[in-house]
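Undergrad: Build the 3D model from these lines:
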Amino acid sequence: MNVKILAEDTYGAKFFDELIKWVKNEGAVSNEVKASSDHIQGVCSRKMTDQIKAAIDDFDKTIVVVDGDGNSEKEEKKQKERHFPKDENKLKRVDIIVFKDEIEEWICYSLGIKFSNKPSDALHKWSKKKYDFKSGGYKKKFLPNYVKELKFSNLKEVDSFKKFLKLLEN
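TA: Below you'll find the predicted structure:
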């Protein structure tokens, strides 16, 4: 199966490219799955609509991954799905994953880092302590580097991650 992942975060595409390699290495996803990732060019814009349409035409499945920023998953999905094609056959090939807060929550859950509504802040503090960063800790540009830190045994219990794995295989 050919899968396109469209990520809201600028560095999210690189994160998902690394994550796909990692889940294959963990044996959680078949090596038959071919996936590539891109950054969504303007969330809730005409560009996003065009990207989704192009991905649906070129791939077996399209997964749109967005931050919920503390909003309800239902509201976020509704807002983003307005940019999905209206064609029922095409619509079957696109799905959305909404993080409760932001993409960094998978890293925090995986590493056992406690957070409230801003996982990136918790990851920043954890990174600063662990790596003694003089530069100030976690920055978004480091997001793909954290894949090698993930613990599958913890992450596989997270509902949004389970959904992600299921979407890759179906």
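Undergrad: can you give me the strands in the protein?
TA: With strands called from DSSP state E, the chain shows them at 2-7, 34-39, 61-67, 94-99.
Undergrad: who's in contact with the helix or strand of the chain with the lowest mean pLDDT?
TA: Least confident helix or strand, the chain: helix 88-91 with a mean of 77, by mean pLDDT, DSSP states H and E. Residues outside helix 88-91 that contact it (C-beta atoms under 8 Å, 6 or more residues apart in numbering): Lys53, Ile56, Phe84, Pro85. For glycine as for every other residue, the C-beta is placed from the backbone atoms N, C-alpha and C.
Undergrad: And it, how far out from the chain middle?
TA: 22 Å (C-alpha atoms, centre = their mean, to the nearest Å).
Undergrad: Let me know the pLDDT of the closest residue to Phe152 other than its chain neighbours.
TA: Nearest residue to Phe152 in three dimensions, chain neighbours excluded: Glu26, at 4.8 Å (C-beta to C-beta, 6 or more residues apart in numbering). Looking at Glu26, its pLDDT is 95.
Undergrad: Tell me where the model's unsure across this protein.
TA: The model of the chain has pLDDT under 70 over residues 132-136.
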